Each structure stands twice: as structure tokens, then as C-alpha cells.
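Pasting the sequence and the predicted coordinates here, then a few questions.
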Amino acid sequence: MGSIPGFLGRPVCLALRGACLIAWAASSLWAAQGNGLADRPGAQALLQEARRETEAGRFWEAIEKLERALALAPREPLRQRLARLRIVAGLYPELKGSAHEVSQAVLHRGLADFLDGRDREALRTIECARDFRPEDPRLEALREAIQRGGGLSLKPRAAARLLRRSLALLEAAFRERQYDKVEGLAVRVIGLDPENSLAFQRMGAAYYAQGKYPEALQPLRSAFRYERDPGTRKKLASYLEALGSLIEKAGVESQERLDGLYESAVELYAQGRLREAAGLFSRILESDPSNARARRGLERVGAELLRAGRKK
């Protein structure tokens, strides 16, 4: 499928906007899969947690929850969703920004369609997203993944051939330090072989080489999880420890840490300790400038401090 012509693409995308804004919440497949786990309440609860993480754009966290659900209830629909979720997380470790902004809303909708297996709709929507975001090379890799159905619909021999070719291209791009290509090729390999440790290693190394240290952490954790060679596992464990120390020393807050800071800021606000709350909200925004809830919190605290100053 080719790109939608410019004079058609933008109106089509604008027409999609209303549906985009409720893309995650309206997904019936999540509910259907949850109902299918009525006999496994633990897995059902984990699936709901994975859904919430996905709706928040925290795809690696969603993967962790879904993997745990799959361990409790090894069902094929969950495996397929996990394979697709790994592709999305490889390209967009965390989807930040407002889903009410048009280009972001279209991207949200395309990812939701892809995760639910609606490949025809996903392809159409991602084409629209490319019209809005022509500078984003990840959309081309995502379009390829959608066209292959996430590698889930290929016949075994065709999938094996594509996997070998993709691995060879991945290694070549890695040797040439073409890290933007490495990311896309690693996603292709993971779509075909969701537990390919080497692809996760190369993805993590590409993020690391570009200074994207927090983004490198999750792929390397997955590489460690799926690696079978004891020697390589030992090396990966040392890399993960060193990377964690580097992130801490660089002052890059993990999402978990940012969530903790946000909760502390809200508690300080509730106690009337406005300046301390403002300090924590500001700290969050220093690490994550696109954090909308921290920005709203800071604005609310600032307004109250201003009112308090006027009363004096």
C-alpha cells in the first residue's frame, strides 16, 4: 500500500481524530481476552494491568505484565498480542505527549489497531501518521511490521528465510554503526522471533551508543531474560548493573522513580506544603519535560502560591 496523497491524507487523518481519542479505551479485544481468563483471576488481573500500561504508552511495563499473565495462562491470543507489543515497544519504548494532539492521536490509533490485530485499519492509520510526521523513521519500520502482520501470518519457511536475512542485515548495520537502521531491523527480528536475545542486545546497544540510556535498559533486560548461554548471561548482568549505575549517576530518573516523585509531590500539595511540592514537580519536568501531569501540578501549585501572595 502506497502513501496517501497529500491532498487526501490530511483530511482523512483529521476525520479519524475523534475515533483516535478513544482508541485504547474502546478496544473490545482486551475485554474479550480478559473474559477468556475468568478461570485464571491472577492472569486476568495482570492482563488488566497490561492494558492500563498500554493505554498510558508504557509499553515495556505492559510487556512485563503480559509475560507474567502468559506464564499463568499460556493462551495463543496472549502470545500474539505479546509479539506485537514487543514490536511497538522496540520502536516506541514509551509514547509520550498528549493523545489529544492530532498527530499523536493518529499514532495512538494506529498502534491500538496493530496491537488488536486489525492490520488493514492499522496500515491506513499509520500512513496518515506518516503524513503528519514525515521526519519519524520509525513509522516506516512499523508499516513494514504491519504489512507482515507482525510476522505472525508468515508460513514457517518464509518466516525462517526472512529471519535469517533480517539478522544478517541487523549485524551489518550494527557493524557500520547505523543505529537508526539497527533499531528498525531489531524490531523486524523480534516480530519474527519474539525471544531473540541477540536482537534485544543490538537494540539496547544502539540506544546506549546514542546516549539513550533509560531506553537501553529494557531491551537489555529482555536480552538477559531470553539468553541461554551462561557466559553471555553473565556479561549482560554486568552490563545491566553498570547501566543502572550510569543512569543513576547521570541523574536520569526512571519512570518508576518519577511516579514516586509525583506521588510525593501530590502528598505535599495535600498537606499545604506548596513550595516543596513545586520543587518536586519541577524536578520531574527536568527529567521528563513532556510529563503532562507534573506540568499541571506545577501550574496548580503556582496559581495557589500566587493567590496566597496576593492575600498578604
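Yep, that arrived. Because the structure is a prediction, the values reported are computed rather than measured.

which strands and helices sit next to the helix or strand containing Leu246?
Per DSSP states H and E: Leu246 is located in helix 230-250. Applying 3 or more CB pairs under 8 Å, 6 or more residues apart in numbering; DSSP states H and E, one finds that helix 230-250 contacts helix 197-209, helix 213-226. Any C-beta I mention is one placed from the backbone N, CA and C, and that applies to glycine too.

Among those helices, which comes closest to Arg165?
Among those, helix 197-209 comes nearest to Arg165, with 13.3 Å by CB to CB.

now the angle between helix 213-226 and the closest one, please.
Calculated by axes from the mean of the first three to the mean of the last three CA atoms, to 10 degrees, helix 197-209 forms an angle of 160 degrees with helix 213-226.

Go through the helix holding Leu246 and flag the buried ones.
Across helix 230-250, burial judged by 16 or more other CB atoms under 10 Å covers Arg233, Leu236, Tyr239, Leu240, Leu243, Ile247.

Hmm, which of those is lowest in pLDDT?
The lowest pLDDT within the buried residues of helix 230-250 belongs to Ile247, with 76.

For the closest residue to that residue other than its chain neighbours, give its distance to Asp229.
Sequence neighbours aside, Tyr213 is the residue nearest to Ile247 in space, at 5.0 Å (criterion: CB to CB, 6 or more residues apart in numbering). Per CB to CB, to the nearest Å, Tyr213 is found 25 Å from Asp229.

Among those two, which residue is more densely surrounded?
When Tyr213 and Asp229 are compared for neighbours, Tyr213 comes out ahead with 15 against 10, by other CB atoms under 10 Å.

wait, isn't that one in contact with Ser245?
No. Assessed by CB atoms under 8 Å, Tyr213 is found out of contact with Ser245, at 10.5 Å.

care to break this structure down by domain?
When the chain is parsed with automatic domain parsing, its domains come out as 6-150, 156-250, 255-311.

Comparing the ones you listed by mean pLDDT, which bottoms out?
It's domain 6-150: among the domains of the chain, that one has the lowest mean pLDDT, namely a mean of 71.

got the CA coordinates for the one helix or strand Ser264 maps to in PDB?
Using DSSP H and E, Ser264 maps to helix 255-270. Only the C-alpha atoms of helix 255-270 are listed here, as PDB (Å, rounded to 0.1, in the frame of the first residue of the first chain):
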ATOM      1  CA  GLN A 255       9.700   6.100  35.200                       C
ATOM      2  CA  GLU A 256       9.200   4.300  38.500                       C
ATOM      3  CA  ARG A 257      11.200   6.900  40.300                       C
ATOM      4  CA  LEU A 258       9.300   9.700  38.500                       C
ATOM      5  CA  ASP A 259       6.000   8.100  39.600                       C
ATOM      6  CA  GLY A 260       7.200   8.000  43.100                       C
ATOM      7  CA  LEU A 261       8.200  11.700  43.000                       C
ATOM      8  CA  TYR A 262       4.800  12.600  41.600                       C
ATOM      9  CA  GLU A 263       3.000  10.800  44.400                       C
ATOM     10  CA  SER A 264       5.300  12.600  46.900                       C
ATOM     11  CA  ALA A 265       4.500  15.900  45.300                       C
ATOM     12  CA  VAL A 266       0.800  15.300  45.400                       C
ATOM     13  CA  GLU A 267       1.000  14.400  49.100                       C
ATOM     14  CA  LEU A 268       3.000  17.600  49.900                       C
ATOM     15  CA  TYR A 269       0.400  19.600  48.000                       C
ATOM     16  CA  ALA A 270      -2.400  18.000  50.000                       C
END
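
and Gly272, that one's in a helix?
No. Counting by DSSP: H, G, I helix; E, B strand; the rest coil, Gly272 falls outside a helix, being coil.

Return the residues in contact with it.
Going by CB atoms under 8 Å, 6 or more residues apart in numbering, Gly272 touches no other residue.

how close does it get to Arg228?
55 Å.

same check, this time on Glu241
20 Å.

now Ala83
The spacing between Ala83 and Arg228, counted by CB to CB, is 19 Å.

Please apply the same query to Ala172.
To Arg228, Ala172 is 24 Å away according to CB to CB.

cool, and Ala56?
Distance from Ala56 to Arg228, counting by CB to CB: 33 Å.

of those two, who's got more company?
The residue with more neighbours, out of Ala56 and Arg228, is Ala56; 15 against 8, by other CB under 10 Å.

what's the more buried one sitting at in phi/psi?
Note on Ala56: backbone dihedrals following degrees, to the nearest 10 are phi -80, psi 0.

wait, what's in contact with it?
By CB under 8 Å, 6+ apart, Ala56 lies in contact with nothing.

sorry, back to before: check which helices and strands the helix holding Ser264 sits against.
Against helix 255-270 (3+ CB pairs under 8 Å, 6+ apart) you get helix 274-287, helix 292-311.

Compare those helices and give me the one nearest Val88.
Closest approach to Val88 among the helices and strands packed on helix 255-270 is made by helix 292-311 (20.6 Å; CB to CB).

Good, wrapping up.
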